[in-house]
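> Need the 3D shape of this:
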Amino acid sequence: MEQIDIDAMPVRYKRDKLLAETDTWGLADYPATSEQTAYRQALRDITNQAGFPNNITWPQEPSA
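Prediction:
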């Protein structure tokens, strides 16, 4: 059985919420900027950070 990391749950929740808020940027017919694409990728890479889940550097959302 897979071990659940309780400390990671709030980080993953926040990450998933931020990704959901920018889902339209990932649609094939949406002209996303390179900054928007990079932001979404940085959010997906949160779990790869060396300090995850206790020391996270959150990416800055690009201006609209």
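
> CA only for contacts and neighbour counts going forward, please
OK.

> Helices along this structure, start to end?
Under the criterion DSSP state H, the chain contains helices at 8-21, 34-44.

> So which of these is nearest Leu27?
Across the helices of the chain, Leu27 has its closest neighbour in helix 34-44 (10.8 Å, C-alpha to C-alpha).

> residues of that closest one that come out buried?
The neighbour-count check on helix 34-44 (16 or more other C-alpha atoms under 10 Å) flags 36, 39-40, 42-43 as buried.

> Stretch 49-64 now?
By 16+ other C-alpha under 10 Å, the buried positions in stretch 49-64 come out as Pro53.

> Now tell me what touches it from outside.
Contacts to stretch 49-64, defined as C-alpha atoms under 8 Å, 6 or more residues apart in numbering, come from residues 7-8, 11, 35-36, 39, 42-43, 46-47.

> what mean pLDDT does it have?
What stretch 49-64 shows for mean pLDDT is 93.

> Return the distance of that stretch from the chain's centre.
In this view, stretch 49-64 has its centroid 8 Å away from the chain centroid, taken as C-alpha atoms, centre = their mean, to the nearest Å.
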